[in-house]
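> One predicted model, sequence on top.
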Amino acid sequence: MSLMPPSRERLAASEQALTSLPGYSNDTPTDKEFSVFDPSTEQRIATLRNMTAQEALVEVETAESEGRTWAKTTPRHRSDTLQNVYTVLMENQSRLAYVISREMGKPLGEALGEVQYAADYVRWYAEELLRPAGGYRDNPAGASTILTCRAPVGLTLLIAPWNFPMAMITRKIAPAIAAGCASLIKPAALTPLTTLLTVDLMEEAGVPRELMRVVTTIEPAAFSEAVLSDPRIRKLSFTGSTGVGSTLMSLAAKNIVKSSMELGGNAPFIVFDDADLERAVEGAMLAKLRNGGQSCVAANRFYVQDGIADAFIEAFTEKMSKVVTGNAITEGVGLGPVINQAAVDKLQHLVDDATAQGAELKTGGKKPAQSGYFFSPTVLDRVPAEANIANAEIFGPVAAISRFTTQEEVLWKANNTPFGLAGYVFTENLDRALNVADELETGLVGINNGIPSNPAAPFGGMKQSGLGREGSHEGLEEYQEVRYYNIARRHTD
Ligand code: SIN
(Lines give C-alpha, C1' and ligand atoms only; values in the text may rest on other atoms or scores of the structure.)
Protein backbone atom coordinates (compact mmCIF):
# COMPACT_ATOMS: atom_id res chain seq x y z
CA MET A 1 0.00 0.00 0.00
CA SER A 2 1.38 3.37 -0.89
CA LEU A 3 0.11 5.61 1.93
CA MET A 4 2.75 7.00 4.30
CA PRO A 5 2.52 6.14 8.01
CA PRO A 6 1.66 9.02 10.36
CA SER A 7 4.50 11.01 11.94
CA ARG A 8 6.02 9.95 15.28
CA GLU A 9 4.28 12.83 17.10
CA ARG A 10 0.88 11.90 15.74
CA LEU A 11 1.61 8.30 16.63
CA ALA A 12 2.27 9.18 20.27
CA ALA A 13 -0.96 11.19 20.37
CA SER A 14 -2.74 8.19 18.88
CA GLU A 15 -2.01 6.10 21.96
CA GLN A 16 -4.76 8.18 23.54
CA ALA A 17 -7.17 6.79 20.96
CA LEU A 18 -6.96 3.52 22.84
CA THR A 19 -7.02 4.77 26.38
CA SER A 20 -9.80 7.31 25.79
CA LEU A 21 -12.28 4.71 24.51
CA PRO A 22 -15.39 4.60 26.74
CA GLY A 23 -15.10 1.91 29.41
CA TYR A 24 -11.38 1.45 28.63
CA SER A 25 -9.38 -0.57 31.13
CA ASN A 26 -6.22 -2.59 30.91
CA ASP A 27 -6.85 -4.72 33.98
CA THR A 28 -6.83 -8.48 34.24
CA PRO A 29 -10.35 -9.48 33.16
CA THR A 30 -12.96 -10.63 35.67
CA ASP A 31 -15.27 -13.49 34.71
CA LYS A 32 -17.60 -10.90 33.13
CA GLU A 33 -14.87 -9.40 30.95
CA PHE A 34 -12.40 -10.34 28.24
CA SER A 35 -9.12 -8.91 26.99
CA VAL A 36 -7.87 -7.73 23.62
CA PHE A 37 -4.23 -8.42 22.72
CA ASP A 38 -1.71 -6.78 20.40
CA PRO A 39 -0.52 -9.54 18.02
CA SER A 40 2.80 -7.70 17.48
CA THR A 41 3.73 -7.97 21.17
CA GLU A 42 1.30 -10.57 22.59
CA GLN A 43 0.53 -7.94 25.29
CA ARG A 44 -2.95 -7.13 26.58
CA ILE A 45 -4.09 -3.70 25.35
CA ALA A 46 -7.65 -3.50 26.66
CA THR A 47 -10.24 -5.27 28.76
CA LEU A 48 -13.91 -5.07 27.83
CA ARG A 49 -17.26 -6.24 29.11
CA ASN A 50 -18.36 -9.68 27.92
CA MET A 51 -21.99 -8.87 27.20
CA THR A 52 -24.56 -11.59 27.74
CA ALA A 53 -27.32 -12.64 25.35
CA GLN A 54 -29.85 -10.94 27.67
CA GLU A 55 -27.94 -7.67 27.43
CA ALA A 56 -27.86 -8.01 23.66
CA LEU A 57 -31.65 -8.28 23.63
CA VAL A 58 -31.89 -4.98 25.52
CA GLU A 59 -29.80 -3.44 22.73
CA VAL A 60 -32.25 -4.90 20.19
CA GLU A 61 -35.05 -3.02 21.96
CA THR A 62 -33.17 0.30 21.88
CA ALA A 63 -32.12 -0.03 18.24
CA GLU A 64 -35.52 -1.15 17.01
CA SER A 65 -37.26 1.83 18.56
CA GLU A 66 -34.72 4.36 17.16
CA GLY A 67 -34.86 2.63 13.77
CA ARG A 68 -38.55 3.47 13.42
CA THR A 69 -37.74 7.18 13.77
CA TRP A 70 -34.70 6.98 11.45
CA ALA A 71 -36.74 5.24 8.75
CA LYS A 72 -38.87 8.41 8.49
CA THR A 73 -35.96 10.83 8.01
CA THR A 74 -35.46 12.33 4.55
CA PRO A 75 -32.86 10.94 2.14
CA ARG A 76 -31.19 14.36 2.19
CA HIS A 77 -30.81 14.23 5.97
CA ARG A 78 -29.32 10.73 5.87
CA SER A 79 -26.99 11.72 3.04
CA ASP A 80 -25.76 14.85 4.83
CA THR A 81 -25.21 12.84 8.01
CA LEU A 82 -23.13 10.25 6.16
CA GLN A 83 -21.13 13.02 4.46
CA ASN A 84 -20.34 14.37 7.95
CA VAL A 85 -19.32 10.89 9.04
CA TYR A 86 -16.90 10.67 6.10
CA THR A 87 -15.33 14.00 7.11
CA VAL A 88 -15.00 13.08 10.79
CA LEU A 89 -13.53 9.65 10.01
CA MET A 90 -10.93 11.21 7.72
CA GLU A 91 -10.09 13.90 10.30
CA ASN A 92 -9.37 11.03 12.71
CA GLN A 93 -7.55 8.76 10.29
CA SER A 94 -4.33 8.56 12.32
CA ARG A 95 -6.17 7.55 15.51
CA LEU A 96 -8.21 4.96 13.67
CA ALA A 97 -5.17 3.54 11.86
CA TYR A 98 -3.28 3.32 15.13
CA VAL A 99 -6.06 1.33 16.82
CA ILE A 100 -6.34 -0.98 13.78
CA SER A 101 -2.57 -1.61 13.82
CA ARG A 102 -2.47 -2.27 17.55
CA GLU A 103 -5.33 -4.73 17.78
CA MET A 104 -5.13 -6.38 14.36
CA GLY A 105 -1.45 -6.12 13.43
CA LYS A 106 -1.69 -4.42 10.04
CA PRO A 107 1.29 -2.07 9.38
CA LEU A 108 0.37 1.58 9.92
CA GLY A 109 0.64 2.64 6.28
CA GLU A 110 -1.72 -0.15 5.34
CA ALA A 111 -4.04 0.64 8.25
CA LEU A 112 -4.32 4.19 6.88
CA GLY A 113 -5.29 2.57 3.58
CA GLU A 114 -8.02 0.64 5.38
CA VAL A 115 -9.35 3.85 6.97
CA GLN A 116 -9.61 5.46 3.54
CA TYR A 117 -11.25 2.31 2.10
CA ALA A 118 -13.70 2.17 5.04
CA ALA A 119 -14.56 5.88 4.82
CA ASP A 120 -15.06 5.55 1.06
CA TYR A 121 -17.98 3.16 1.69
CA VAL A 122 -19.57 5.89 3.81
CA ARG A 123 -19.03 8.50 1.11
CA TRP A 124 -20.31 6.16 -1.61
CA TYR A 125 -23.58 5.52 0.23
CA ALA A 126 -24.00 9.21 1.14
CA GLU A 127 -24.06 9.82 -2.61
CA GLU A 128 -25.85 6.66 -3.75
CA LEU A 129 -28.83 6.93 -1.43
CA LEU A 130 -29.98 10.08 -3.22
CA ARG A 131 -30.36 8.26 -6.54
CA PRO A 132 -34.01 7.47 -7.31
CA ALA A 133 -34.71 3.78 -6.71
CA GLY A 134 -38.40 3.61 -7.61
CA GLY A 135 -40.11 3.07 -10.94
CA TYR A 136 -43.29 3.46 -12.97
CA ARG A 137 -44.72 0.61 -15.05
CA ASP A 138 -47.83 0.12 -17.12
CA ASN A 139 -50.03 -2.86 -16.47
CA PRO A 140 -50.03 -4.56 -19.92
CA ALA A 141 -53.82 -4.99 -19.65
CA GLY A 142 -54.18 -1.22 -19.22
CA ALA A 143 -56.37 -1.44 -16.11
CA SER A 144 -53.84 -0.08 -13.65
CA THR A 145 -50.55 1.67 -13.12
CA ILE A 146 -47.75 0.14 -11.07
CA LEU A 147 -45.42 2.20 -8.91
CA THR A 148 -42.39 0.55 -7.32
CA CYS A 149 -40.49 1.92 -4.36
CA ARG A 150 -38.01 0.77 -1.73
CA ALA A 151 -38.56 0.61 2.01
CA PRO A 152 -35.95 0.05 4.76
CA VAL A 153 -35.75 -3.63 5.61
CA GLY A 154 -35.89 -2.98 9.39
CA LEU A 155 -33.52 -3.82 12.20
CA THR A 156 -30.23 -5.29 10.97
CA LEU A 157 -27.72 -7.59 12.65
CA LEU A 158 -24.17 -6.94 11.46
CA ILE A 159 -21.51 -9.50 12.37
CA ALA A 160 -18.02 -8.44 11.35
CA PRO A 161 -14.65 -10.22 11.13
CA TRP A 162 -11.28 -9.26 12.62
CA ASN A 163 -9.26 -8.91 9.41
CA PHE A 164 -10.60 -5.51 8.26
CA PRO A 165 -12.04 -4.28 11.57
CA MET A 166 -13.09 -0.89 10.18
CA ALA A 167 -13.89 -1.48 6.51
CA MET A 168 -16.08 -4.51 7.15
CA ILE A 169 -18.12 -2.45 9.64
CA THR A 170 -18.63 0.58 7.39
CA ARG A 171 -19.37 -1.65 4.38
CA LYS A 172 -22.39 -2.88 6.36
CA ILE A 173 -23.44 0.06 8.50
CA ALA A 174 -23.21 2.77 5.83
CA PRO A 175 -25.81 1.14 3.56
CA ALA A 176 -27.96 0.27 6.60
CA ILE A 177 -28.02 3.93 7.69
CA ALA A 178 -28.49 5.05 4.08
CA ALA A 179 -31.50 2.77 3.67
CA GLY A 180 -33.07 3.99 6.95
CA CYS A 181 -32.23 1.05 9.24
CA ALA A 182 -30.89 0.68 12.77
CA SER A 183 -28.22 -1.92 13.55
CA LEU A 184 -27.04 -4.28 16.20
CA ILE A 185 -23.30 -4.67 15.61
CA LYS A 186 -21.12 -7.53 16.79
CA PRO A 187 -17.44 -6.93 16.10
CA ALA A 188 -14.99 -9.83 16.33
CA ALA A 189 -13.82 -10.38 19.92
CA LEU A 190 -10.21 -10.16 18.65
CA THR A 191 -10.67 -6.62 17.29
CA PRO A 192 -13.58 -4.76 18.92
CA LEU A 193 -11.71 -1.50 19.65
CA THR A 194 -11.77 -0.20 16.08
CA THR A 195 -15.56 -0.63 16.00
CA LEU A 196 -15.98 1.18 19.31
CA LEU A 197 -13.90 4.11 18.07
CA THR A 198 -15.63 4.18 14.65
CA VAL A 199 -19.07 4.24 16.25
CA ASP A 200 -17.99 6.99 18.66
CA LEU A 201 -16.83 9.10 15.74
CA MET A 202 -20.03 8.41 13.83
CA GLU A 203 -22.02 9.65 16.80
CA GLU A 204 -19.84 12.76 16.92
CA ALA A 205 -20.74 13.26 13.23
CA GLY A 206 -24.47 13.17 13.96
CA VAL A 207 -25.62 9.53 13.78
CA PRO A 208 -27.82 8.80 16.82
CA ARG A 209 -26.06 6.37 19.15
CA GLU A 210 -29.29 4.40 19.58
CA LEU A 211 -29.12 3.54 15.89
CA MET A 212 -25.81 1.66 16.23
CA ARG A 213 -25.73 -0.66 19.23
CA VAL A 214 -22.44 -2.52 19.68
CA VAL A 215 -22.34 -5.84 21.52
CA THR A 216 -18.90 -7.01 22.68
CA THR A 217 -18.91 -10.69 23.53
CA ILE A 218 -16.79 -13.81 23.51
CA GLU A 219 -19.88 -16.01 23.38
CA PRO A 220 -20.90 -15.60 19.75
CA ALA A 221 -23.00 -18.78 19.54
CA ALA A 222 -25.27 -17.84 22.48
CA PHE A 223 -25.47 -14.28 21.17
CA SER A 224 -26.50 -15.29 17.63
CA GLU A 225 -29.00 -17.84 18.82
CA ALA A 226 -30.75 -15.36 21.14
CA VAL A 227 -30.74 -12.45 18.76
CA LEU A 228 -31.78 -14.38 15.66
CA SER A 229 -34.71 -15.85 17.60
CA ASP A 230 -36.00 -12.31 18.09
CA PRO A 231 -38.49 -11.49 15.30
CA ARG A 232 -37.49 -7.81 15.38
CA ILE A 233 -34.25 -8.66 13.53
CA ARG A 234 -35.12 -8.44 9.83
CA LYS A 235 -31.71 -8.57 8.16
CA LEU A 236 -28.44 -10.40 8.82
CA SER A 237 -25.14 -9.44 7.23
CA PHE A 238 -22.19 -11.65 8.10
CA THR A 239 -18.56 -11.72 7.01
CA GLY A 240 -16.52 -14.72 8.16
CA SER A 241 -15.99 -18.41 7.60
CA THR A 242 -18.28 -20.61 5.52
CA GLY A 243 -18.85 -22.93 8.52
CA VAL A 244 -20.13 -20.14 10.77
CA GLY A 245 -22.08 -18.62 7.86
CA SER A 246 -23.90 -21.88 7.34
CA THR A 247 -24.84 -22.07 11.05
CA LEU A 248 -26.08 -18.48 10.99
CA MET A 249 -28.16 -19.19 7.89
CA SER A 250 -29.91 -22.02 9.74
CA LEU A 251 -30.65 -19.69 12.66
CA ALA A 252 -31.87 -16.98 10.28
CA ALA A 253 -34.16 -19.49 8.56
CA LYS A 254 -36.37 -19.68 11.67
CA ASN A 255 -37.76 -16.16 11.19
CA ILE A 256 -37.05 -15.98 7.43
CA VAL A 257 -34.45 -13.25 7.95
CA LYS A 258 -33.05 -11.70 4.77
CA SER A 259 -29.36 -12.65 4.80
CA SER A 260 -26.15 -11.67 3.08
CA MET A 261 -23.05 -13.75 3.61
CA GLU A 262 -19.48 -12.91 2.67
CA LEU A 263 -17.69 -16.19 3.35
CA GLY A 264 -14.45 -18.06 2.75
CA GLY A 265 -12.34 -17.80 -0.39
CA ASN A 266 -9.75 -19.85 -2.28
CA ALA A 267 -8.68 -17.40 -4.96
CA PRO A 268 -6.71 -18.65 -7.97
CA PHE A 269 -4.03 -16.25 -9.25
CA ILE A 270 -3.28 -17.15 -12.87
CA VAL A 271 -0.24 -15.86 -14.75
CA PHE A 272 -0.09 -16.61 -18.49
CA ASP A 273 3.09 -16.67 -20.57
CA ASP A 274 1.99 -13.44 -22.28
CA ALA A 275 1.67 -11.49 -19.00
CA ASP A 276 3.76 -8.39 -18.30
CA LEU A 277 6.21 -9.87 -15.79
CA GLU A 278 6.66 -6.75 -13.68
CA ARG A 279 2.92 -6.15 -13.50
CA ALA A 280 2.26 -9.78 -12.56
CA VAL A 281 4.85 -9.71 -9.76
CA GLU A 282 3.49 -6.39 -8.45
CA GLY A 283 -0.05 -7.82 -8.55
CA ALA A 284 1.10 -10.99 -6.79
CA MET A 285 2.69 -8.97 -3.97
CA LEU A 286 -0.54 -7.03 -3.43
CA ALA A 287 -2.86 -10.01 -3.74
CA LYS A 288 -0.72 -12.10 -1.40
CA LEU A 289 0.62 -9.63 1.15
CA ARG A 290 -2.25 -7.15 1.54
CA ASN A 291 -3.27 -7.61 5.17
CA GLY A 292 -0.53 -10.23 5.49
CA GLY A 293 -2.59 -12.55 3.29
CA GLN A 294 -5.40 -12.48 5.84
CA SER A 295 -8.18 -11.61 3.43
CA CYS A 296 -10.98 -13.62 1.85
CA VAL A 297 -9.81 -12.33 -1.54
CA ALA A 298 -6.10 -13.04 -0.96
CA ALA A 299 -4.38 -14.98 -3.75
CA ASN A 300 -4.51 -18.52 -2.39
CA ARG A 301 -3.40 -20.73 -5.29
CA PHE A 302 -0.84 -19.40 -7.76
CA TYR A 303 -0.96 -21.04 -11.20
CA VAL A 304 1.90 -19.94 -13.48
CA GLN A 305 2.26 -21.04 -17.11
CA ASP A 306 5.42 -23.01 -17.97
CA GLY A 307 7.03 -20.37 -20.23
CA ILE A 308 7.04 -17.57 -17.61
CA ALA A 309 7.23 -19.68 -14.44
CA ASP A 310 10.98 -19.53 -13.75
CA ALA A 311 11.22 -15.76 -14.33
CA PHE A 312 8.05 -15.03 -12.32
CA ILE A 313 9.07 -17.21 -9.37
CA GLU A 314 12.57 -15.74 -9.23
CA ALA A 315 11.35 -12.12 -9.27
CA PHE A 316 8.47 -12.80 -6.85
CA THR A 317 10.72 -14.70 -4.43
CA GLU A 318 13.24 -11.87 -4.45
CA LYS A 319 10.58 -9.32 -3.56
CA MET A 320 8.99 -11.53 -0.90
CA SER A 321 12.35 -12.19 0.77
CA LYS A 322 13.02 -8.43 1.06
CA VAL A 323 9.81 -7.57 2.90
CA VAL A 324 10.57 -6.28 6.40
CA THR A 325 8.56 -8.14 9.03
CA GLY A 326 7.99 -6.50 12.42
CA ASN A 327 5.80 -4.65 14.88
CA ALA A 328 2.92 -3.08 12.97
CA ILE A 329 3.55 0.40 14.37
CA THR A 330 7.27 0.45 13.54
CA GLU A 331 8.34 2.60 10.59
CA GLY A 332 9.45 0.71 7.48
CA VAL A 333 7.64 -2.51 8.33
CA GLY A 334 5.92 -4.09 5.32
CA LEU A 335 4.45 -7.15 7.03
CA GLY A 336 2.99 -7.31 10.53
CA PRO A 337 2.08 -10.37 12.56
CA VAL A 338 -0.76 -12.79 11.83
CA ILE A 339 -3.65 -12.61 14.24
CA ASN A 340 -2.73 -15.21 16.88
CA GLN A 341 -0.68 -18.28 17.78
CA ALA A 342 -3.25 -20.62 16.19
CA ALA A 343 -2.67 -18.85 12.87
CA VAL A 344 1.12 -19.28 13.19
CA ASP A 345 0.67 -22.99 13.97
CA LYS A 346 -1.67 -23.49 11.01
CA LEU A 347 0.78 -21.84 8.59
CA GLN A 348 3.67 -23.91 9.90
CA HIS A 349 1.65 -27.08 9.47
CA LEU A 350 0.68 -26.18 5.88
CA VAL A 351 4.28 -25.36 4.90
CA ASP A 352 5.72 -28.51 6.52
CA ASP A 353 3.10 -30.72 4.92
CA ALA A 354 3.73 -29.17 1.47
CA THR A 355 7.51 -29.60 1.64
CA ALA A 356 7.10 -33.17 2.95
CA GLN A 357 5.01 -33.85 -0.16
CA GLY A 358 7.64 -32.47 -2.54
CA ALA A 359 7.08 -28.68 -2.74
CA GLU A 360 10.27 -26.56 -3.07
CA LEU A 361 10.72 -23.90 -0.39
CA LYS A 362 12.05 -20.75 -2.11
CA THR A 363 12.04 -18.37 0.86
CA GLY A 364 10.67 -18.11 4.41
CA GLY A 365 8.85 -21.13 5.75
CA LYS A 366 8.92 -20.43 9.48
CA LYS A 367 8.27 -18.06 12.33
CA PRO A 368 11.17 -15.60 12.67
CA ALA A 369 12.97 -15.49 16.02
CA GLN A 370 11.07 -12.64 17.66
CA SER A 371 8.14 -12.48 20.04
CA GLY A 372 4.75 -11.73 18.47
CA TYR A 373 2.72 -13.84 16.08
CA PHE A 374 4.98 -13.46 13.06
CA PHE A 375 5.45 -15.71 10.05
CA SER A 376 8.04 -14.98 7.35
CA PRO A 377 6.89 -14.19 3.80
CA THR A 378 7.05 -17.61 2.18
CA VAL A 379 7.15 -18.89 -1.39
CA LEU A 380 6.62 -22.56 -2.26
CA ASP A 381 7.13 -23.78 -5.84
CA ARG A 382 5.87 -27.00 -7.48
CA VAL A 383 3.21 -27.55 -4.83
CA PRO A 384 1.58 -30.92 -5.48
CA ALA A 385 -2.22 -31.04 -5.81
CA GLU A 386 -2.42 -33.48 -2.88
CA ALA A 387 -0.77 -31.09 -0.38
CA ASN A 388 -3.16 -29.60 2.18
CA ILE A 389 -2.08 -26.11 1.18
CA ALA A 390 -3.39 -26.66 -2.35
CA ASN A 391 -6.94 -26.81 -0.97
CA ALA A 392 -6.96 -24.92 2.36
CA GLU A 393 -7.70 -21.20 2.79
CA ILE A 394 -4.16 -20.17 3.83
CA PHE A 395 -4.95 -16.76 5.41
CA GLY A 396 -1.30 -15.80 5.83
CA PRO A 397 1.81 -14.63 3.94
CA VAL A 398 2.48 -17.96 2.24
CA ALA A 399 2.35 -18.28 -1.56
CA ALA A 400 1.71 -21.78 -2.93
CA ILE A 401 2.70 -21.98 -6.61
CA SER A 402 2.12 -24.71 -9.16
CA ARG A 403 2.70 -24.65 -12.89
CA PHE A 404 0.34 -25.27 -15.82
CA THR A 405 0.53 -25.77 -19.57
CA THR A 406 -2.86 -24.97 -21.15
CA GLN A 407 -5.73 -22.55 -20.53
CA GLU A 408 -8.19 -25.45 -20.34
CA GLU A 409 -6.10 -27.17 -17.67
CA VAL A 410 -5.78 -24.06 -15.50
CA LEU A 411 -9.48 -23.26 -15.69
CA TRP A 412 -10.33 -26.75 -14.53
CA LYS A 413 -7.92 -26.42 -11.59
CA ALA A 414 -9.07 -22.92 -10.71
CA ASN A 415 -12.74 -23.93 -10.58
CA ASN A 416 -12.13 -27.24 -8.80
CA THR A 417 -13.15 -25.90 -5.39
CA PRO A 418 -16.42 -25.34 -3.52
CA PHE A 419 -15.43 -21.67 -3.10
CA GLY A 420 -15.85 -18.82 -5.57
CA LEU A 421 -15.11 -15.37 -4.18
CA ALA A 422 -12.18 -13.87 -6.14
CA GLY A 423 -9.91 -14.81 -9.02
CA TYR A 424 -6.97 -13.07 -10.72
CA VAL A 425 -5.81 -13.23 -14.33
CA PHE A 426 -2.58 -11.75 -15.65
CA THR A 427 -2.16 -11.59 -19.42
CA GLU A 428 -1.61 -8.83 -22.01
CA ASN A 429 -4.11 -10.49 -24.36
CA LEU A 430 -7.52 -8.86 -23.89
CA ASP A 431 -9.44 -11.73 -25.47
CA ARG A 432 -7.74 -14.23 -23.18
CA ALA A 433 -8.34 -12.04 -20.12
CA LEU A 434 -12.06 -11.74 -20.79
CA ASN A 435 -12.52 -15.37 -21.86
CA VAL A 436 -10.82 -16.62 -18.70
CA ALA A 437 -12.71 -14.14 -16.49
CA ASP A 438 -15.99 -15.37 -18.04
CA GLU A 439 -15.11 -18.97 -17.21
CA LEU A 440 -13.93 -18.42 -13.64
CA GLU A 441 -16.63 -19.34 -11.12
CA THR A 442 -15.96 -16.35 -8.88
CA GLY A 443 -17.92 -13.23 -7.94
CA LEU A 444 -15.00 -10.91 -8.70
CA VAL A 445 -12.01 -11.06 -11.00
CA GLY A 446 -8.90 -8.89 -10.90
CA ILE A 447 -7.60 -8.53 -14.46
CA ASN A 448 -3.95 -7.43 -14.25
CA ASN A 449 -5.03 -6.04 -10.87
CA GLY A 450 -4.01 -7.36 -7.45
CA ILE A 451 -6.65 -5.42 -5.49
CA PRO A 452 -10.04 -5.52 -7.22
CA SER A 453 -12.09 -4.42 -4.15
CA ASN A 454 -13.83 -1.06 -4.47
CA PRO A 455 -16.82 0.61 -2.75
CA ALA A 456 -18.40 1.27 -6.16
CA ALA A 457 -18.26 -2.44 -7.08
CA PRO A 458 -20.50 -5.32 -5.96
CA PHE A 459 -18.30 -7.48 -3.69
CA GLY A 460 -19.45 -11.05 -3.05
CA GLY A 461 -19.02 -14.66 -3.94
CA MET A 462 -20.48 -17.62 -5.80
CA LYS A 463 -20.86 -21.20 -4.55
CA GLN A 464 -19.91 -21.57 -0.85
CA SER A 465 -18.28 -18.13 -0.77
CA GLY A 466 -21.53 -16.40 -0.08
CA LEU A 467 -24.85 -14.82 -0.87
CA GLY A 468 -25.64 -11.24 -1.83
CA ARG A 469 -23.31 -8.35 -2.53
CA GLU A 470 -21.72 -5.52 -0.54
CA GLY A 471 -20.77 -2.15 -1.99
CA SER A 472 -22.29 -0.41 -5.00
CA HIS A 473 -26.06 -0.04 -5.44
CA GLU A 474 -26.44 -3.82 -5.01
CA GLY A 475 -25.12 -3.37 -1.45
CA LEU A 476 -27.85 -0.81 -0.69
CA GLU A 477 -30.60 -3.07 -2.02
CA GLU A 478 -29.58 -5.68 0.58
CA TYR A 479 -31.01 -3.31 3.24
CA GLN A 480 -34.23 -2.55 1.38
CA GLU A 481 -37.50 -4.23 0.53
CA VAL A 482 -39.08 -3.67 -2.87
CA ARG A 483 -42.75 -2.72 -2.72
CA TYR A 484 -45.23 -1.87 -5.41
CA TYR A 485 -48.51 -0.01 -5.45
CA ASN A 486 -51.02 -1.12 -8.03
CA ILE A 487 -53.29 1.83 -8.80
CA ALA A 488 -56.54 0.97 -10.56
CA ARG A 489 -57.36 3.17 -13.60
CA ARG A 490 -60.87 4.04 -14.85
CA HIS A 491 -61.57 5.87 -18.05
CA THR A 492 -62.83 9.49 -17.55
CA ASP A 493 -64.01 12.00 -20.23
C1 SIN B 1 -12.35 -9.62 3.25
O2 SIN B 1 -11.26 -10.13 3.34
O3 SIN B 1 -13.34 -10.15 3.76
C4 SIN B 1 -12.58 -8.29 2.54
C5 SIN B 1 -11.50 -7.89 1.65
C6 SIN B 1 -11.81 -6.66 0.83
O7 SIN B 1 -12.78 -5.94 1.05
O8 SIN B 1 -11.05 -6.40 -0.10
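All right, it came through fine.

> Kindly state the pLDDT recorded for the closest residue to residue 305 other than its chain neighbours?
Counting by Cβ to Cβ, 6 or more residues apart in numbering, residue 273 is the residue found nearest to residue 305 once chain neighbours are left out, at 4.6 Å. (Each C-beta comes from the backbone N, C-alpha and C, glycine too.) Here the pLDDT value assigned to residue 273 is 98.

> burial of residue 273, as a residue count?
By other Cβ atoms under 10 Å, 15 other residues sit near residue 273.

> That one and residue 311 touch, don't they?
No - look at residue 273 against residue 311 with Cβ atoms under 8 Å: they stay out of range, at 10.1 Å.

> buried sites along the host helix or strand of residue 308?
Under the criterion of DSSP states H and E, residue 308 resides in helix 306-322. In terms of neighbour count (16 or more other Cβ atoms under 10 Å), helix 306-322 has its buried residues at 308, 309, 312, 313, 315, 316, 317, 319, 320.

> number of nearby residues for the closest residue in space to residue 302 that isn't next to it in sequence?
Excluding its sequence neighbours, the residue lying closest to residue 302 (Cβ to Cβ, 6+ apart) is residue 401, at 4.1 Å. Using other Cβ under 10 Å, residue 401 has 25 neighbouring residues.

> hang on, residue 401 is in a strand, isn't it?
Yes - counting by DSSP: H, G, I helix; E, B strand; the rest coil, residue 401 is found in a strand.

> wait, doesn't it sit right on residue 384?
No - the pair residue 401 and residue 384 fails to qualify as a contact (Cβ under 8 Å) at a distance of 11.5 Å.

> Can you give the distance of the helix ranked longest in the chain from its chain's centre?
Longest helix of the chain, by residue count under DSSP state H: helix 108-128. Centroid separation between helix 108-128 and its chain, computed with Cα atoms, centre = their mean, to the nearest Å, is 12 Å.

> Would you report the backbone torsion angles of the residue of the stretch 351-493 of the chain found nearest the ligand?
Across the stretch 351-493 of the chain, no residue is closer to the ligand than residue 453, which sits at 3.1 Å (Cβ to the nearest ligand atom). With angles defined as degrees, to the nearest 10, residue 453 sits at phi -60, psi 140.

> Give me the pLDDT for it.
Note for residue 453: predicted pLDDT of 97.

> just the residues of the protein that are near the ligand, which are they?
Contact residues of the chain with respect to the ligand, defined by Cβ under 6 Å from any ligand atom, are listed as 163, 164, 167, 239, 262, 295, 296, 297, 453, 459.

> tell me the SS of the first one?
Using three-state DSSP as the criterion, the local structure at residue 163 reads coil.

> Would you confirm that it contacts residue 295?
Yes - applying Cβ under 8 Å as the test, residue 163 and residue 295 come out as touching, 6.0 Å apart.

> Contacts for stretch 348-357, please.
361, 365-367, 375, 378, 380, 383-384, 386-390, 392, 394, 398, 400 (Cβ atoms under 8 Å, 6 or more residues apart in numbering).

> Just to be sure, residue 483 is in a strand?
Yes - with three-state DSSP as the criterion, residue 483 is located in a strand.

> which residues in the stretch 51-200 of the chain form strands?
According to DSSP state E, counting those that start in this stretch, the stretch 51-200 of the chain carries its strands in the segments 135-138, 144-152, 155-159, 183-186.

> Would you format those as a markdown table with mean pLDDT and distance to residue 92 included?
A markdown table is the format used below for the strands of the stretch 51-200 of the chain (pLDDT from 0 to 100; distance: least, Cβ to Cβ, whole Å):
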| stretch | mean pLDDT | distance to residue 92 |
| --- | --- | --- |
| strand 135-138 | 94 | 39 |
| strand 144-152 | 97 | 28 |
| strand 155-159 | 98 | 21 |
| strand 183-186 | 98 | 18 |
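
> will you turn those into TSV that also has mean neighbour count?
As requested, the strands of the stretch 51-200 of the chain are exported to TSV (neighbours: other Cβ atoms under 10 Å):
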stretch	mean neighbour count
strand 135-138	10
strand 144-152	15
strand 155-159	27
strand 183-186	25
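
> Which of the ones you listed sits closest to residue 231?
Distance to residue 231, taken as Cβ to Cβ, is lowest for strand 155-159 among the strands of the stretch 51-200 of the chain, at 9.8 Å.

> if we can go back for a sec, which of the contacts of stretch 348-357 count as buried?
With neighbours counted using 16+ other Cβ under 10 Å, these contain these buried positions: 365, 367, 375, 378, 380, 383, 387-390, 392, 394, 398, 400.

> List the ones among these that fall in strands.
Using DSSP state E, the members of the buried ones among the contacts of stretch 348-357 that fall within strands are 378, 380, 398, 400.

> which one of these is nearest residue 465?
Of all these, the one with the least separation from residue 465 (Cβ to Cβ) is residue 400, at 18.7 Å.

> list the contacts for the closest one?
Neighbouring residues of residue 400 by Cβ under 8 Å, 6+ apart: 300, 301, 302, 354, 359, 380, 383, 387, 389, 390, 394.

> Check the residues you listed and tell me the two furthest apart.
Using Cβ to Cβ, the pair of the contacts of residue 400 lying farthest apart is 300 and 359, separated by 14.8 Å.

> quick one: which of these two has more around it?
Higher neighbour count among residue 300 and residue 359: residue 300, with 30 against 22, using other Cβ under 10 Å.

> so who does the nearest residue to residue 33 once chain neighbours are set aside touch?
Sequence neighbours aside, residue 47 is the residue nearest to residue 33 in space, at 5.2 Å (criterion: Cβ to Cβ, 6+ apart). With contact taken as Cβ under 8 Å, 6+ apart, residue 47 is in contact with 25, 26, 27, 28, 29, 33, 34, 35, 36.

> Scan those residues and report the most crowded one.
Across the contacts of residue 47, neighbour numbers were computed from other Cβ under 10 Å; residue 36 holds the maximum, 21 neighbours.

> For that residue, list the residues it contacts.
If you count contacts by Cβ under 8 Å, 6+ apart, residue 36 has them with 44, 45, 46, 47, 48, 103, 189, 190, 191, 192, 193.

> before we move on, what about residue 278?
Under the criterion of Cβ under 8 Å, 6+ apart, the contact list for residue 278 reads residue 315.

> again, but for residue 104
Contacts for residue 104 were tallied using Cβ under 8 Å, 6+ apart; they are 39, 111, 162, 163, 165, 190, 191, 194, 328, 339.

> quick one: which of these is nearest residue 247?
Each of these was scored against residue 247 by Cβ to Cβ, and residue 162 proved nearest at 18.0 Å.

> just checking, the closest one touches residue 339?
Yes - counting by Cβ under 8 Å, residue 339 is a contact partner of residue 162 at 6.1 Å.

> joint contacts of those two?
Contacts common to residue 162 and residue 339, judged by Cβ under 8 Å, 6+ apart, are 104, 190.

> Taking the centroid of this protein, which residue is nearest it?
The centroid of the chain falls nearest to residue 168 when counting by Cα atoms, centre = their mean (4.6 Å).

> From the ligand, how far off is the residue nearest to residue 305?
28 Å (Cβ to the nearest ligand atom, to the nearest Å).

> List the residues that contact that residue.
Residues in contact with residue 273, defined by Cβ under 8 Å, 6+ apart, are 305, 306, 307, 308.
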